[in-house]
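*Asks:* missing the sequence, but the structure's below:
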């Protein structure tokens with residue numbers, strides 16, 4: 001089974017999409033067409049928090065991800081922090097869950113939302129689970145630029161679109 005890599009990044013730019021692209025570049029996945037899936041970890045998959053993705057195939061390929069993402073517009077608001085988080089927990093038999101949360105919030109608030117979401121998902125399943133893990137990324141808003149934060153679980157290698 002392939003490895004699921006946890007990657008994260010922050011970025012800023014003159015537009016929302018430019019800041020998102022910069023955050024994806026910081027995470028090492030800017031050259032892929034991201035295809036989001038819900039939240040299941042396949043049995044047998046290794047999860048590796050790497051920070052920045054290695055080469056996962058040719059530019060333009062499809063890359064399957066679970067994504068926590070938040071973007072804020074230029075602002076001088078009193079609460080300038082934007083955060084995104086991704087948590088995961090495995091069952092003793094192998095399959096597991098991802099849960100993502102993001103928004104204009106402190107890293108502590110986002111980590112609590114991630115843990116609460118994982119706990120809710122575990123209650124829906126009759127599996128015995130291990131301890132949850134998570135990765136949170138945050139950045140301060142900028143009065144002159146859009147700011148984006150991302151945390152992604154990238155499933156294996158990219159695949160051709162065509």
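*Replies:* Arrived safely. This structure is a prediction, so every number in the text was calculated from the model and none was measured.

*Asks:* which of the residues in stretch 33-43 are buried?
*Replies:* In terms of neighbour count (16 or more other CB atoms under 10 Å), stretch 33-43 has its buried residues at 34, 39, 41. C-beta here means a position set from N, CA and C on the backbone, and glycine is covered the same way.

*Asks:* got the phi/psi numbers for the last one?
*Replies:* Just to be clear, that refers to residue 41. phi -100, psi 120 (degrees, to the nearest 10).

*Asks:* could you check how far the closest residue to it other than its chain neighbours is from residue 39?
*Replies:* Excluding its sequence neighbours, the residue lying closest to residue 41 (CB to CB, 6 or more residues apart in numbering) is residue 96, at 3.6 Å. Here the distance between residue 96 and residue 39 works out to 9 Å (CB to CB, to the nearest Å).

*Asks:* got it, and residue 80?
*Replies:* Taken as CB to CB, the span from residue 80 to residue 39 is 29 Å.

*Asks:* residue 143 against residue 75, yeah?
*Replies:* Yes - assessed by CB atoms under 8 Å, residue 143 is found in contact with residue 75 at 6.5 Å.

*Asks:* the two: which has the busier surroundings?
*Replies:* residue 75 (17 against 9; other CB atoms under 10 Å).

*Asks:* mind listing what the more buried one touches?
*Replies:* 141, 142, 143 (CB atoms under 8 Å, 6 or more residues apart in numbering).

*Asks:* I appreciate the help and will end here.
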